[in-house]
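In: Need the 3D shape of this:
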Amino acid sequence: MTDTAVDTRVKIEPNLKIKEPSQFRVIYINDQTTTMEFVVETLKNVFNYDNSGAEAITHRIHEEGSAVVAVLPYEIAEQKGVEVTLLARQHGFPLQVKLEPEV
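Out: Okay, the predicted model is just below:
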């Protein structure tokens with residue numbers, strides 16, 4: 001009897017239907033305790049706003065009660081939301097950050 005090696009190869013077709021990750025809005029909610037200076041600093045340090053952009057969005061949060069500060073893929077939005085919330089708590093502020101799906 002002879003030993004014959006059989007090499008079987010399966011051709012796999014790649015799935016090229018890659019979907020963009022869902023985008024989520026990161027929203028700051030205004031409160032009566034968190035200082036505007038703290039909000040400006042988080043916008044600059046966490047979301048890379050320049051000073052004038054951070055001040056403008058901070059005024060919008062203050063005047064309208066909330067504002068979208070970024071639209072990001074879910075994992076990044078969640079990470080930045082947690083980062084800002086932890087910073088706020090460390091400084092004794094009740095700042096709330098909310099995520100909503102972008103429609």
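In: the helices in the protein, which residues?
Out: 36-47, 51-64, 74-90 (DSSP state H).
In: Of those, give the one that comes closest to Lys98.
Out: helix 74-90 (7.8 Å; C-beta to C-beta). C-beta: built from backbone N, CA, C; applies to glycine.
In: what packs against the closest one?
Out: strand 23-29, helix 36-47, strand 66-73, strand 96-101 (3 or more C-beta pairs under 8 Å, 6 or more residues apart in numbering; DSSP states H and E).
In: Minimum distance to His59: which of those has it?
Out: Among these, if distance is taken as C-beta to C-beta, the winner is helix 36-47, at 7.9 Å.
In: Show me the shaky parts of the chain.
Out: 1-4 (pLDDT under 70).
In: okay, which residue is most central for it?
Out: Geometric centre of the chain, nearest residue: Ala77, 1.3 Å, by C-alpha atoms, centre = their mean.
In: Distance of that residue relative to Gln32?
Out: 26 Å (C-beta to C-beta, to the nearest Å).
In: Equivalent analysis for Glu55, please.
Out: In terms of C-beta to C-beta, Glu55 sits 19 Å off from Gln32.
In: cool, Gln96 as well?
Out: 12 Å.
In: Arg25 now?
Out: In terms of C-beta to C-beta, Arg25 sits 23 Å off from Gln32.
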